[in-house]
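# Build me a model from this:
(2 chains)
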Amino acid sequence: AQSVTQLGSHVSVSEGALVLLRCNYSSSVPPYLFWYVQYPNQGLQLLLKYTSAATLVKGINGFEAEFKKSETSFHLTKPSAHMSDAAEYFCAVSVRGYSTLTFGKGTMLLVSP
Amino acid sequence: EAGVTQFPSHSVIEKGQTVTLRCDPISGHDNLYWYRRVMGKEIKFLLHFVKESKQDESGMPNNRFLAERTGGTYSTLKVQPAELEDSGVYFCASSPRDGTGELFFGEGSRLTVL
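Below is the predicted model of the structure:
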């Protein structure tokens, strides 16, 4: 079985500051890892995914994440936050060959001017 | 190309009533999933269809929930009778048969049981 832990239900940053959203996973087999974002009143949108290619994954809107097997982590970063980044972010894991996702509890990113 | 669409976007019903949620996946996607998020909790898996067959329904909470996918196209999720704890947002997602694991989500159907 796999699981995901997202540290911090809420993260607050100032506009222009570094964004760091933490995600640790547990999986007995090599995982696929995903970050999804949900803007207010919208569905979940894929930001980026790791599927065993490069460990540093670049996504949309300037976000990137690094897969670190030794730390079982897949933290999401963005060098400079924008007001439009305010949303809820979900880390998710699946097992290769199976497409069912297991989600973390989500982290709400708040961006202040 | 149209995305995953869900209907209704919001439903308010009383305890004991019945509600049916509908999901239209992306055309050609064999895989269809239902997930649910209860307020303050994580998004949890309910079930997975491959075409019209239930591949995995291990996440269905109890027998008040019935999911169907007639003809392998759209899917419905019926809750009968609804209870207070069924309130939450129900997400539908779809993916192609040989995808890379990415799921394409709809905007969700918010269910409020009073």
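# Could you check which helix or strand contains the most centrally placed residue in chain B?
In chain B, the centroid-proximal residue (CA atoms, centre = their mean) is residue B:34; its distance is 3.4 Å. Using DSSP states H and E, the element containing residue B:34 is strand B:31-37.
# Any chance you could list what contacts the helix or strand following that strand?
Proceeding N to C from strand B:31-37, the next assigned helix or strand is strand B:43-50, under DSSP H and E. Strand B:43-50 is contacted by residues A:44, A:90, A:99-103, A:106, B:30-38, B:54-61, B:65, B:67, B:69, B:72, B:75, B:77, B:90-91, B:97 when judged by CB atoms under 8 Å, 6 or more residues apart in numbering or on different chains. C-beta here means a position set from N, CA and C on the backbone, and glycine is covered the same way.
# Try it again at 6 Å.
Counting by CB atoms under 6 Å, 6 or more residues apart in numbering or on different chains, strand B:43-50 makes contact with A:100, A:103, B:30-37, B:55-57, B:59-60, B:67, B:69, all of which sit outside it.
# who does residue A:95 bridge with?
Beta-bridge partners recorded for residue A:95 (DSSP bridges): residue A:31.
# Pull the number of nearby residues for it.
The burial count assigned to residue A:95 is 18, neighbours taken as other CB atoms under 10 Å in any protein chain shown.
# Need the pLDDT of it.
The score at residue A:95 is 79. That number is its pLDDT.
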